[in-house]
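Student: Build the 3D model from these lines:
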Amino acid sequence: MFFVVNKYLIPKGFRGLTVFPFVFLKFRVDKDNVVFVNHERIHLRQQTELLILPFFVWYFLEYLFNLLKYNNKNHAYRNISFEREAYNNEADLEYLKKRKLFGFWKYLFLNKV
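Tutor: Here you go, the predicted model:
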């Protein structure tokens, strides 16, 4: 995992963006935020499981589907299965050690936010 700090690369309203093997950060201080870094590490694992490009296709399609469903950008984003897994487990610093392969899968079917 490589950190790149650049406030201009991060979309408005976000603090970070992960594109394997890089984690782009808006603020340098987030490199030391263990919960935030764990959230981004979960995304790195998801991306490697899906061989990177399919991850982004799936992510985008799920976002579009959610946007049609909720008609709200924030709800659409928060209900992407990859984000739900990352947000639900970001505080568990041992999560990636015990996470099952394709752990995001169950978040497709759990109750939405």
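
Student: C-terminal to the one helix or strand residue 45 maps to, what's the next element?
Tutor: For residue 45, the host element (DSSP states H and E) is helix 34-49. Scanning forward in sequence from helix 34-49 by DSSP H and E, the next helix or strand is helix 53-70.

Student: can you count the residues close to residue 64?
Tutor: Around residue 64 there are 11 other residues, counting by other Cβ atoms under 10 Å. C-betas here are computed from N, CA, C, even on glycine.

Student: Distance-wise, check it relative to residue 78.
Tutor: As defined by Cβ to Cβ, to the nearest Å, residue 64 lies at a distance of 15 Å from residue 78.

Student: Please identify the helix or strand for the residue nearest to residue 66 when sequence neighbours are not counted.
Tutor: Nearest non-adjacent residue to residue 66, counting by Cβ to Cβ, 6 or more residues apart in numbering: residue 76, 3.7 Å away. Per DSSP H and E, residue 76 falls inside helix 73-78.

Student: what is the mean pLDDT for that helix?
Tutor: Averaged over helix 73-78, pLDDT sits at 96.
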